[in-house]
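Participant: Just to be clear, the model below is a prediction. Sequence and coordinates:
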Number of protein chains: 2
Amino acid sequence: MSSHKDFKKYASQFTDWIGAYLSDVEKFPVRSMVKNGDIKKQIHHNPPAGPEQIDDIFEDFKKIIFPGVTHWQSPKFFAYFPSNSSDPSLLAEFLTAALGIQGMKWITSPAATELEEVVTEWMRQMTGIPEAFSGVIQDTASVSTLCAIIAAREKATGFRSNSKGLENNILRVYCSEEAHSSVEKAVRIAGLGSGNLVKIPVDELGRLLPEKLTEAVENDLKKGYKPACIVAALGTTGLCAIDPVKSMGQLAKKHDIWFHIDAAFAGTALIIPEFRNTIGGLEFADSIVLNPHKWMFTNFDCSLLFVKDKNHLQKTFSLVPEYLNTNDQGANDYSNWGIQLGRRFRSLKLWFVIRNFGVKGIQDRIRKHIDLAAFFADEISKHSDFELIVPRTLSLVCFRWKGNKEMPLTMLNSFNAELLEKINSTGRIYLSHTVFRDKYTLRFVCAQTNTEKKHVLEALDVIFDCAGKLKPREC
Amino acid sequence: MSSHKDFKKYASQFTDWIGAYLSDVEKFPVRSMVKNGDIKKQIHHNPPAGPEQIDDIFEDFKKIIFPGVTHWQSPKFFAYFPSNSSDPSLLAEFLTAALGIQGMKWITSPAATELEEVVTEWMRQMTGIPEAFSGVIQDTASVSTLCAIIAAREKATGFRSNSKGLENNILRVYCSEEAHSSVEKAVRIAGLGSGNLVKIPVDELGRLLPEKLTEAVENDLKKGYKPACIVAALGTTGLCAIDPVKSMGQLAKKHDIWFHIDAAFAGTALIIPEFRNTIGGLEFADSIVLNPHKWMFTNFDCSLLFVKDKNHLQKTFSLVPEYLNTNDQGANDYSNWGIQLGRRFRSLKLWFVIRNFGVKGIQDRIRKHIDLAAFFADEISKHSDFELIVPRTLSLVCFRWKGNKEMPLTMLNSFNAELLEKINSTGRIYLSHTVFRDKYTLRFVCAQTNTEKKHVLEALDVIFDCAGKLKPREC
């Protein structure tokens, strides 16, 4: 094992490599080109008995592991939602790893807890979430949403399900047909059953239809169900559709139903007033999730969960065994705000990012992404072979090759799936897809930290070129 | 925002600071000396509008944040269970942060998935877990155990609770009175209710009494309950007690109950044959959790969950929405093995650690910790004012100041609590406590990566010195 005197030597080598990687990242195939099993077959199937040198492991990293990396930090990564980083975040992650502390209790590292209180409050101010809310940093939106749904379940059962379990199954949860899969996963984990997740139809833009929600809730009430939670998407994953937050919130309030807002990706855009001012109803929320690790240049994992009543969340998750029972001047122990006992020092990277960018720097970067996406959408609309599936929302553009009028949908869908694979196989850019109203839809998310106009131009070039080559003769 | 050209400059500054920190870590007060609110009051309550330089943020880190750090990487950290790091792990974490990739699906970074398959297989071989088992890296044991309990619930209900929810509440889970709080938390989250967690009494060493478990299960069966899961502790948190794994496993098998082994801390000791050979019955397990981030020199977070039937786990957690539905040559998508969709590239650090230490290097370090703990236990036993609460297990020693025979238990407990606070207030070492059979018990865990004999000698010195100063005249 290396001694600390070697640490500087290796950290310095790694720094050089990382610096070069960050500068060159756009030169690598965005989506890894390896085949299933290519990496595994190059690695010994048994662990080494004796020690190996860091130099040798690092060489293998470069030779074996690196070709199997899909470059999420490439400015030409336009797939899924981004999982962004930035230099201040990366530097802070290095410190976090070096300190190797636990933020489970205040006493186990007071700075971790207190800085988390401060940066979540900063984020609350930046996004215009009402003052009553308190924040906690979870790992992922999957976990933040699970926490919200468990808290909702406890509210609906007066904490009986925590103690007695779900004795009869009358709880219902509501979200749109386009809500993220983590909602259904949470409903399953919570023991409510996916059959009790009511998926409300959406309009032509993928937004939940509020009158259908009202109908569903009122019908359920008549049938003797107990509505426990309504989940609004502030930006769905497929289309970035913005559900009618305010009217959903009013309905939730009327029936005393927990109201959760999933703003994991688009929530970052609340930082720019021109978007924030179009969104009403945050005050109706009981919980809101927003991931700085998506669109706010902060390394994964960093998911913010805001709750209106922190006591309710703590009552849901608090469970203090004797070996953790210390008297710390009434300090806040964040492990009582969620599922995991162990907690990384995640607030440090968020602090570095917000201070190094500044609020205005973050706003500028978000606006730039939106402008670039608008430019991309215009170019797509102008091209005779392409069409938008829905108008662009924020930095997400949903589009497809449109074929000709006689082409059956299945053929059109197959063509677009084939086109996507051809585009991604070039390694020059990386897009992903969704299906909306049976239409296979290409997704272009322009939100990677370092994306510039030239990268968007290259994306257009690749897309039009691939489509041209693939296009059937008759079109 | 800093450009990449500044990255090397700052990374190099941070490397110097980290190198010095790692060398000097034992010089700092192990437990932070700050008071509640000390850190927070030094930080602006509003985010900065404009950008700030990394130099300034780093200065604030050193001045404001650092005094609020409890030094988990100090070789004089003997509290809780450790959350270890090591140079190879830290270096790998730096690479992981720089790549900033997602391991949710194979295609989102093939190397992350394939390396995870390899290193979990290495760990299986190293710990003697039977060949049938497959591994996945979760973040924490809280989540690994939650996954196991959800999987158990689905087994007991034929996957009906995932789809229909828990329709009637007849499921029961069993663990010892000394089991980790994460078991009860998981039972609550799963909707089973803590009232259906049956806590079985333990013997004088804190080990579950198997005949009491048999009785509880059989009584429950008679009453119409359905036993869903039995949890054995391979090393409880309080005392590191080893439950009778084999007989518990046989009972589980007899009644077709999911059998989960919580080996989060002590599981690492399975790597040394002389301990592994004392443990029978791993083959009865359906799931086993073991955290390399505790005793195996790998940065938090890194919790291994091994399952005998990976298809069952995948069926429990798989939920593939269209936007993630890609055809990847039948590749393994690890997000179907647990709760979170987003996943860090955690296998990289484990690969670095296992290769840089080598299996023998890891074994040597574990044996050294055990030997040091044995030495500490001997010294405590020899001291006329102290006694062991239970014989040492592995690297954990549970002891107390014993007072004189006339002293009532409450007074003795208060004295030991006061003694612990006095010890920790010196900043020279950090211990924690538990309560066993009403006895306030000091815990000395000798498992920090870099602990040497001199640190144990210092611990003895601090403990005896503080006790001498605090001791009532009449003793």
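Facilitator: Thanks, I have it.

Participant: Only C-alpha atoms from now on, for both contacts and neighbour counts.
Facilitator: OK.

Participant: could you give the mean pLDDT of stretch A:156-167?
Facilitator: The average pLDDT within stretch A:156-167 is 92.

Participant: Report the buried residues of that stretch.
Facilitator: Of all the residues in stretch A:156-167, those buried under the rule 16 or more other C-alpha atoms under 10 Å in any protein chain shown are A:156, A:157, A:159, A:160, A:161, A:162, A:163, A:164, A:165, A:166, A:167.

Participant: For the helix or strand of chain A with the lowest mean pLDDT, name the packing helices and strands.
Facilitator: The helix or strand of chain A with the poorest confidence is helix A:160-163; it has a mean of 91 (mean pLDDT, DSSP states H and E). Packing contacts for helix A:160-163, counted by 3 or more C-alpha pairs under 8 Å, 6 or more residues apart in numbering or on different chains; DSSP states H and E, involve helix A:141-156, helix B:181-189.

Participant: 10 Å instead, please
Facilitator: Judged by 3 or more C-alpha pairs under 10 Å, 6 or more residues apart in numbering or on different chains; DSSP states H and E, the packing partners of helix A:160-163 are helix A:141-156, helix A:310-317, helix B:181-189.

Participant: out of those helices, nearest to residue A:301?
Facilitator: When the helices and strands packed on helix A:160-163 are compared for distance to residue A:301 using C-alpha to C-alpha, the nearest one is helix A:141-156, at 9.6 Å.

Participant: Is any residue of the closest one near chain B?
Facilitator: Yes: applying C-alpha under 10 Å from any C-alpha of the partner chain, one finds that helix A:141-156 is in contact with chain B at A:141, A:142, A:143, A:144, A:146, A:147, A:149, A:150, A:151, A:153, A:154.

Participant: export the residues you listed to a markdown table and tack on distance to residue B:344?
Facilitator: Converted to a markdown table, the residues of helix A:141-156 next to chain B look like this (distance: C-alpha to C-alpha, whole Å):
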| residue | distance to residue B:344 |
| --- | --- |
| A:141 | 14 |
| A:142 | 14 |
| A:143 | 14 |
| A:144 | 17 |
| A:146 | 19 |
| A:147 | 20 |
| A:149 | 24 |
| A:150 | 24 |
| A:151 | 26 |
| A:153 | 29 |
| A:154 | 30 |
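
Participant: sorry, back to before: to the chain's geometric centre, what's the distance from whichever helix or strand comes after the least confident helix or strand of chain A?
Facilitator: Per DSSP states H and E, the first helix or strand lying C-terminal to helix A:160-163 is strand A:171-176. Remark: strand A:171-176 is offset 21 Å from the chain centroid, using C-alpha atoms, centre = their mean, to the nearest Å.

Participant: And the helices in the stretch 201-350 of chain A?
Facilitator: A:210-223, A:245-254, A:273-276, A:292-295, A:310-317, A:347-382 (DSSP state H, counting those that start in this stretch).

Participant: Tell me which of these sits nearest to residue A:402.
Facilitator: Nearest to residue A:402 among the helices of the stretch 201-350 of chain A is helix A:347-382; the distance by C-alpha to C-alpha comes to 10.8 Å.

Participant: Just the buried positions in that closest one, please.
Facilitator: A:347-363, A:365-374, A:376-377, A:380.

Participant: now stretch A:327-342
Facilitator: Residues of stretch A:327-342 classed as buried: A:331, A:332, A:333, A:334, A:335, A:336, A:337, A:338, A:339, A:340, A:341, A:342 (neighbour count, 16+ other C-alpha under 10 Å).

Participant: what do you get for stretch A:217-225?
Facilitator: A:217, A:220, A:225.

Participant: Give me the contacts around it.
Facilitator: With C-alpha atoms under 10 Å, 6 or more residues apart in numbering or on different chains as the test, stretch A:217-225 has contacts from A:169-174, A:196, A:198, A:211-216, A:226-227, A:230, A:251-252, A:255, A:257.

Participant: Keep only those residues that also lie close to chain B.
Facilitator: Checking the contacts of stretch A:217-225 against chain B (C-alpha under 10 Å from any C-alpha), the matches are A:169, A:170, A:171, A:196.

Participant: which one of the residues of helix A:141-156 next to chain B is nearest chain B?
Facilitator: residue A:142 (5.3 Å; C-alpha to the nearest C-alpha).

Participant: Which pLDDT does the model give that closest one?
Facilitator: So, for residue A:142, pLDDT stands at 97.

Participant: Could you measure from residue A:163 over to residue B:91?
Facilitator: From residue A:163 across to residue B:91, the span is 44 Å (C-alpha to C-alpha, to the nearest Å).

Participant: which residues does the closest residue to residue A:237 other than its chain neighbours contact?
Facilitator: Residue nearest to residue A:237 in three dimensions, not counting chain neighbours: residue A:180, with 6.2 Å by C-alpha to C-alpha, 6 or more residues apart in numbering or on different chains. Neighbour list for residue A:180: A:141, A:142, A:233, A:235, A:236, A:237, A:238, A:262, A:264, B:321, B:323 [criterion: C-alpha under 10 Å, 6+ apart].

Participant: Quick one: the helices of the stretch 201-350 of chain A as JSON lines, columns for distance to residue A:134 and mean pLDDT too.
Facilitator: Formatted as JSON lines, these follow (distance: least, C-alpha to C-alpha, whole Å; pLDDT from 0 to 100):
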{"stretch": "helix A:210-223", "distance to residue A:134": "28", "mean pLDDT": "98"}
{"stretch": "helix A:245-254", "distance to residue A:134": "19", "mean pLDDT": "98"}
{"stretch": "helix A:273-276", "distance to residue A:134": "19", "mean pLDDT": "97"}
{"stretch": "helix A:292-295", "distance to residue A:134": "16", "mean pLDDT": "98"}
{"stretch": "helix A:310-317", "distance to residue A:134": "6", "mean pLDDT": "96"}
{"stretch": "helix A:347-382", "distance to residue A:134": "14", "mean pLDDT": "98"}
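
Participant: so which strand or helix has residue A:135?
Facilitator: Element membership for residue A:135 (DSSP H and E) is strand A:134-138.

Participant: Please find the angle between the direction vectors of that strand and helix A:141-156.
Facilitator: 130 degrees (axes from the mean of the first three to the mean of the last three C-alpha atoms, to 10 degrees).
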